[in-house]
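Chemist: got a sequence here, can you model it:
(2 chains)
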Number of protein chains: 2
Amino acid sequence: MRSESTRRAILEATRDELAASGYDKLSIDRIAAAAGAGKQTVYRWYPTKSALVADCLLEGYVLPTTSIDVPDTGDIRRDLGDWLRAFAEGLDHPQNAALIRACTAAAADNDEVAAKFYENATAATETALTERLHAAELAGQLKKDAPAVAVAEALIGAMLFRLLTRQRATVAFTEGLTEAVMAGIALTPSPAQR
Amino acid sequence: MRSESTRRAILEATRDELAASGYDKLSIDRIAAAAGAGKQTVYRWYPTKSALVADCLLEGYVLPTTSIDVPDTGDIRRDLGDWLRAFAEGLDHPQNAALIRACTAAAADNDEVAAKFYENATAATETALTERLHAAELAGQLKKDAPAVAVAEALIGAMLFRLLTRQRATVAFTEGLTEAVMAGIALTPSPAQR
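Modeler: Just a heads-up that it's a prediction; the model follows:
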């Protein structure tokens, strides 16, 4: 199909343009020229830069290099902290941050993109994290029936919040968060129960 | 200025169109017609629906009805749980969910919108939450130097994650999350320390 080859040419041109100029300076005009496609065609298929970049990511043309491997040293406190730190470091790279923001924008805007992006990208991170938590529970390091999904989503969500509000997730931030989730912030056991 | 009055007419028409049709069926064509503006003008100022809706929210034309008041009964565990529940219930309304998704998309796409939206909307929620946590710390209910900001952002972030992945935040989810943050998921004190 002619339109499919045009689409691939557009995605390849976007990949090259992203590598050369980065997300913020991404030019639809240059992409259209490089792909030999009409500007109107590109805008018709991709009304926003984020929609274009999201499709690139979903089709595997570009990949953000945020870590999704969750370490397993046997010490869940340490592994969770290390994973969160690695995730935060991934977001310190402006290119990664821009790519994930683009995907977030596209997912927020469109149900289908959201489903596809969750299926192809986010779910892997969430599953790796919940599986590590379940393993720790089986190993007797966590409370029985600890809410693994809620905790995983709170950790990913906190990173997303930092990204959207353009705040760095410092070591103090990720360490505080890990400690809060592992040990809780309430004064327990209460003095009366000691 | 003529352009300023046109802009206001567009925002008013968007407010009316949102109330009548909702976000998903929002029609730029109808908005342009109602505002007496050219379609091209609307698209030039607002390349996406989310950008248009975000500006409406920032200018106070529409307001999402998510609760930002954090209750203070003196019991931080209960107040945090009730607040999270109320937040989740707010997101159960499709109109609210769509508005917040639109703002998220606009904030993800644009640094200026992100800064303005954070300043005018998100910061109030985050501040209310961190102040409630600090009060609880002063009241001796929380550990000294509990990471209030990280916890507040993890709670808001978890809600945002649910919203973006189109998952409901059920009572089981918000309760599990509240309990995890308050009491921690690790088995502490460990049996050996008892």
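
Chemist: CA atoms for contacts and neighbours, from now on please.
Modeler: Noted.

Chemist: which residues of chain A score low on pLDDT?
Modeler: A:1-2, A:24, A:64-67, A:188-194 (pLDDT under 70).

Chemist: in the longest helix that chain A contains, what's buried?
Modeler: Criterion DSSP state H: the longest helix present in chain A is helix A:2-21. By neighbour count with 16 or more other C-alpha atoms under 10 Å in any protein chain shown, helix A:2-21 contains the buried residues A:Thr6, A:Arg7, A:Ala9, A:Ile10, A:Leu11, A:Glu12, A:Ala13, A:Thr14, A:Arg15, A:Asp16, A:Glu17, A:Leu18.

Chemist: residues contacting the residue nearest to the fifth one when sequence neighbours are not counted?
Modeler: In space, and not counting its chain neighbours, A:Leu11 is closest to A:Cys56: 5.8 Å by C-alpha to C-alpha, 6 or more residues apart in numbering or on different chains. In this structure, A:Cys56 makes contact with A:Leu11, A:Thr14, A:Arg15, A:Val62, judged by C-alpha atoms under 8 Å, 6 or more residues apart in numbering or on different chains.

Chemist: and A:Cys56, its phi and psi?
Modeler: phi -60, psi -40 (degrees, to the nearest 10).

Chemist: what is the burial count for A:Ala183?
Modeler: By other C-alpha atoms under 10 Å in any protein chain shown, 21 other residues sit near A:Ala183.

Chemist: give me the phi and psi for it.
Modeler: phi -110, psi -10.

Chemist: before we move on, what about A:Arg168?
Modeler: Dihedral angles for A:Arg168 - degrees, to the nearest 10 - are phi -70, psi 140.

Chemist: what secondary structure does A:Asn96 sit in?
Modeler: helix (DSSP: H, G, I helix; E, B strand; the rest coil).

Chemist: state the distance from it to chain B.
Modeler: As judged by C-alpha to the nearest C-alpha, to the nearest Å, A:Asn96 and chain B stand 13 Å apart.

Chemist: quick one: that residue and A:Gly90 touch, right?
Modeler: Yes. Taking contacts as C-alpha atoms under 8 Å, A:Asn96 lies within contact range of A:Gly90: 6.7 Å.

Chemist: and the residue nearest the centre of chain A, how far from A:Ala128?
Modeler: The residue lying closest to the centre of chain A (C-alpha atoms, centre = their mean) is A:Ile100, at 5.6 Å. To A:Ala128, A:Ile100 is 19 Å away according to C-alpha to C-alpha, to the nearest Å.

Chemist: kindly report the same for A:Ile185.
Modeler: 25 Å.

Chemist: among these two, which residue is more densely surrounded?
Modeler: Between A:Ile185 and A:Ala128, counting by other C-alpha under 10 Å, A:Ile185 is the more crowded of the two (27 against 15).

Chemist: ok, and the closest non-adjacent residue to that one?
Modeler: Excluding the flanking residues, the one nearest A:Ile185 by C-alpha to C-alpha, 6+ apart is B:Met182, at 5.1 Å.

Chemist: now do the helix or strand the one you found falls within against helix A:171-183, angle only.
Modeler: If you go by DSSP states H and E, B:Met182 is part of helix B:171-183. Here the directions of helix B:171-183 and helix A:171-183 differ by 110 degrees (axes from the mean of the first three to the mean of the last three C-alpha atoms, to 10 degrees).

Chemist: endpoint to endpoint, stretch A:69-84 covers what distance?
Modeler: End-to-end for stretch A:69-84, by C-alpha to C-alpha: 11 Å.

Chemist: if I look at A:Pro47, how far off is A:Ile28?
Modeler: A:Pro47 sits 10 Å away from A:Ile28, going by C-alpha to C-alpha.

Chemist: which one's more surrounded, these two?
Modeler: Remark: of A:Pro47 and A:Ile28, A:Ile28 carries more neighbours, 21 against 14, as counted by other C-alpha under 10 Å.

Chemist: how about A:Val149: what's its closest non-neighbour residue?
Modeler: A:Thr130 (5.9 Å).

Chemist: go ahead and list the helix or strand containing that neighbour.
Modeler: Secondary structure from DSSP H and E places A:Thr130 in helix A:123-138.

Chemist: with just CA atoms, put that helix into CSV.
Modeler: What follows is helix A:123-138, C-alpha atoms only, in CSV (Å, rounded to 0.1, in the frame of the first residue of the first chain):
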residue,chain,number,x,y,z
ALA,A,123,2.4,-2.6,31.5
ALA,A,124,5.9,-4.2,31.2
THR,A,125,7.3,-1.8,33.8
GLU,A,126,4.3,-2.2,36.1
THR,A,127,4.3,-6.0,35.8
ALA,A,128,8.1,-6.3,36.5
LEU,A,129,7.5,-4.2,39.6
THR,A,130,4.5,-6.1,40.9
GLU,A,131,6.1,-9.4,40.3
ARG,A,132,9.2,-8.3,42.3
LEU,A,133,6.9,-7.3,45.1
HIS,A,134,5.0,-10.6,45.0
ALA,A,135,8.3,-12.5,45.2
ALA,A,136,9.3,-10.4,48.2
GLU,A,137,6.0,-11.2,49.8
LEU,A,138,6.6,-15.0,49.2
